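*Asks:* Build me a model from this:
(2 chains)
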2 protein chains.
Amino acid sequence: MERIATTRELQARADAERAAGRRIALVPTMGALHAGHRSLVETARAHADLVWVSIFVNPAQFNESADFEGYPAELDADLEACEADGVDLVFLPKREELYPEGFQTWVEVEDLTQPLCGASRPGHFRGVTTVVSKLFLAAKPHVAVFGEKDYQQLAAVRRMARDLGFDVEVIGSPTLREADGLALSSRNVHLGPEARRQAVVLARALEAAEHALAAGERDAAALLAAAQIELAKAPGAEVEYCELRCPETLATLAGPLCAPALLALAVHFPADPDGRGARVRLIDNRLLDPREARVRGGDRAPIAISLEERP
Amino acid sequence: MERIATTRELQARADAERAAGRRIALVPTMGALHAGHRSLVETARAHADLVWVSIFVNPAQFNESADFEGYPAELDADLEACEADGVDLVFLPKREELYPEGFQTWVEVEDLTQPLCGASRPGHFRGVTTVVSKLFLAAKPHVAVFGEKDYQQLAAVRRMARDLGFDVEVIGSPTLREADGLALSSRNVHLGPEARRQAVVLARALEAAEHALAAGERDAAALLAAAQIELAKAPGAEVEYCELRCPETLATLAGPLCAPALLALAVHFPADPDGRGARVRLIDNRLLDPREARVRGGDRAPIAISLEERP
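*Replies:* Model (predicted):
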């Protein structure tokens, strides 16, 4: 597995691979690789001859310096994971390589980045789209893979790639979950044991809304209520947002759903009462599609039955 | 000479040329090609195997709609000029191709675009750097050529390419001038005969400052005064700015110059008293280098002689 640290070297390498007709897939990461990232690598492998992973904790996308400084860094373990997963090349730029002195150019997606996480994390998505532009320009990939867990990020990167005309196909990869449903995230390690138990409410809230939909509920407010009832079951959970949005434009949805809708959650959990863990912000989301919904077998009963389905 | 209208086709063409080892030079233009553009093509030829010209009147960089609508468009003549100059390919995208529905992504250089033209043309440079990013991503050139006449634009594009890591060498090409010194510009055609006569004061102002420098003057205020005296000789000229700036950062310079300085001018001329022509805004600039300055032969006498050079 090759390691490259400079944009110039990576571009030369990309030129050579492209000239030889090999397809490059890029998986941009901030390290602290977990099974979720490794599933991105697997998705990448299915779309290309070469899988390249970038590891760079991007200061420009942290709106709080404590969050940046506390972001888990485990380079040796990350490199081992890449090696084990057959990654062909790891791009490991230093901060000065990507943000040279006098740096002052930003790539910004305007509307999609305003609501949801954008509302509470000023500058976050500008940092993301700027560094992803730089990674695309460095690696010249044919495809790039991002997790669907960070849905708004995926939507913003897709819009950016389309608007600027990047010659890159942006692929979303499904969220990986723990046995109890908690979405994998590098931030989960900061949850105390009690907060970890409570964190399952995000997945339960998404499921509750999906069950309501499957049972015939179409009203946006009622679907949100179904999710909020679950979130309220975690005494420590502080809900930042719980919203139904258009999956394309992220516009707020109200009234009866007639097309797929994004149910998006952000919830903060405090450190445990005994001081273990730290305050953690978790996000999760699910696409609710009223055209495909039906009562499915599962571990939880639907919370409503539509008129049509009553005996 | 080939014509291509879509980004996707141009990218495929660029990939093929790059894979074959051919170097591509891009000359981005808004059409209305004059000898100045044609000298950019010549510069491009010296740096590459293939010269590609883009012709696109970019709506995003016009801060006044009247300016956009009045911008000269002469596609047939432009294509003839390209053909005559041996241009290999012309990229002719439609507006919807570069700005698809829902477009909302901008590339912005922050500090360099604040002063000079940026102060009076809000959004102009954001439009320039965004469309140039798109053209770079479409044509994947090895080099791109811009006129030094639009110095701030060249500086912003250079900064953008460096900050984002575009694999493109940005080359400046010297300003072409009419016999009386007026810098070639697509906007010159809108000058009435009287305004055209007066417009020579831009070039004279730059020369006056250079002569002062050559004669030993180093004080920024005195050099600017030399330029302003010339500008004041045109009764119609309304000076928007006449400034000495650091050529790298565009920071204002004061006191004695010890390194190269950019003398930058923007001057408005009204329509002629008899109604001919229209109001036109012209810009021009010159690098003043105190380390190289000396009294040179020319059509005008130096306006000061340094102590050392006095007999």
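*Asks:* which residue sits closest to A:D111, ignoring its sequence neighbours?
*Replies:* Take A:D111 and drop its neighbours on the chain: the residue closest to it by C-beta to C-beta, 6 or more residues apart in numbering or on different chains is B:Q104, 5.0 Å away. All C-beta spots, glycine's among them, are computed from the backbone N, C-alpha and C.
*Asks:* number of nearby residues for the one you found?
*Replies:* Applying other C-beta atoms under 10 Å in any protein chain shown, we find 16 other residues in the vicinity of B:Q104.
*Asks:* Isn't it up against A:D163?
*Replies:* Yes - B:Q104 lies in contact with A:D163 (C-beta atoms under 8 Å); the separation is 6.5 Å.
*Asks:* Quick check: neighbours shared by the two?
*Replies:* A:V109 (C-beta atoms under 8 Å, 6 or more residues apart in numbering or on different chains).
*Asks:* Chain B contacts on the stretch 201-311 of chain A?
*Replies:* Listed as neighbours of chain B in the stretch 201-311 of chain A under the rule C-beta under 8 Å from any C-beta of the partner chain: A:T249.
*Asks:* Output the below-cut-off pLDDT ranges for the stretch 201-311 of chain A.
*Replies:* Within the stretch 201-311 of chain A, the stretches with pLDDT under 70 are A:294-311.
*Asks:* who's in contact with A:R23?
*Replies:* Each residue near A:R23 by C-beta under 8 Å, 6+ apart is listed here: A:H47, A:A48, A:D49, A:L50, A:H142, A:V143.
*Asks:* Apply 7 Å and report the result again.
*Replies:* By C-beta atoms under 7 Å, 6 or more residues apart in numbering or on different chains, the contact set of A:R23 is A:A48, A:D49, A:H142.
*Asks:* I figured the second one hits A:G21, correct?
*Replies:* Read it as A:D49. No - the pair A:D49 / A:G21 is not scored as a contact, 8.6 Å apart, by C-beta atoms under 7 Å.
*Asks:* who's more crowded, these two?
*Replies:* Neighbour count, other C-beta under 10 Å: between A:D49 and A:G21, A:D49 has more, with 14 against 9.
*Asks:* Not counting residues beside it along the chain, what's closest to that one?
*Replies:* Spatial nearest neighbour of A:D49, excluding adjacent residues (C-beta to C-beta, 6+ apart): A:R22 at 4.3 Å.
*Asks:* closest point of the stretch 201-311 of chain A to chain B, which residue?
*Replies:* Minimum separation of the stretch 201-311 of chain A from chain B (C-beta to the nearest C-beta) falls at A:T249, amounting to 7.4 Å.
*Asks:* Could I get the full set of helices for chain A?
*Replies:* Applying DSSP state H to chain A gives helices spanning A:7-19, A:35-45, A:65-69, A:75-84, A:95-98, A:117-120, A:124-139, A:151-164, A:193-198, A:201-214, A:220-231.
*Asks:* B:A215 is nearest to which of the ones you listed?
*Replies:* Nearest to B:A215 among the helices of chain A is helix A:95-98 (43.3 Å), distances taken as C-beta to C-beta.
*Asks:* so how far is the closest one off the chain centroid?
*Replies:* 24 Å (C-alpha atoms, centre = their mean, to the nearest Å).
*Asks:* And that helix, what's buried?
*Replies:* Within helix A:95-98, the residues scored as buried using 16 or more other C-beta atoms under 10 Å in any protein chain shown are A:E97, A:L98.
*Asks:* same thing with stretch A:72-84?
*Replies:* For stretch A:72-84, burial by neighbour count (16+ other C-beta under 10 Å) applies to A:P72, A:D78, A:L79, A:A81, A:C82.
*Asks:* and the residue lying closest to A:H47 once chain neighbours are set aside, bridged to which residues?
*Replies:* Once flanking residues are discounted, A:H47 sits nearest to A:V143: 4.7 Å by C-beta to C-beta, 6+ apart. Taking DSSP bridges as the rule, A:V143 bridges to A:A25, A:E169.
*Asks:* So chain A: which segments form each domain?
*Replies:* A:2-173, A:186-309 (automatic domain parsing).
*Asks:* Ends of the first one, what's the gap?
*Replies:* Right, the one you point to is domain A:2-173. Using C-alpha to C-alpha, to the nearest Å, the end-to-end distance of domain A:2-173 comes out at 25 Å.
*Asks:* Would you check how far apart the residue nearest to A:H47 and chain B are?
*Replies:* As judged by C-beta to the nearest C-beta, to the nearest Å, A:V143 and chain B stand 14 Å apart.
*Asks:* A:E148 contacts A:V170, doesn't it?
*Replies:* No - under the criterion of C-beta under 7 Å, A:E148 makes no contact with A:V170, lying 11.6 Å away.
*Asks:* Give me the more crowded residue out of the two.
*Replies:* A:V170 (20 against 17).
*Asks:* Closest residue of the stretch 1-150 of chain A to chain B?
*Replies:* A:T105 (3.6 Å).
*Asks:* one step back: so which of the helices of chain A gets nearest A:R245?
*Replies:* Distance to A:R245, taken as C-beta to C-beta, is lowest for helix A:151-164 among those, at 8.9 Å.
*Asks:* if we can go back for a sec, just name the closest of the contacts of A:R23 to A:E96, please.
*Replies:* Using C-beta to C-beta, the shortest approach to A:E96 within those belongs to A:H142, at 28.5 Å.
*Asks:* wait, that closest one sits on A:L26?
*Replies:* No - between A:H142 and A:L26 there is no contact under C-beta under 7 Å: 8.8 Å.
*Asks:* which of the two has more neighbours?
*Replies:* When A:H142 and A:L26 are compared for neighbours, A:L26 comes out ahead with 29 against 20, by other C-beta under 10 Å.
*Asks:* how about that one, what does it touch?
*Replies:* The contact partners of A:L26, taken as C-beta under 7 Å, 6+ apart, are A:W52, A:S54, A:L135, A:A139, A:P141, A:A144.
*Asks:* The third one - how many residues pack around it?
*Replies:* Translated: A:L135. A:L135 has 25 neighbouring residues, counting by other C-beta under 10 Å.
*Asks:* same check, this time on the fifth one
*Replies:* Using other C-beta under 10 Å, A:P141 is surrounded by 30 other residues.
*Asks:* and stretch A:135-147, how far out from the chain's middle?
*Replies:* 16 Å.
*Asks:* what's the answer for stretch A:41-56, then?
*Replies:* Taking mean C-alpha positions (C-alpha atoms, centre = their mean), stretch A:41-56 and its chain are 16 Å apart.
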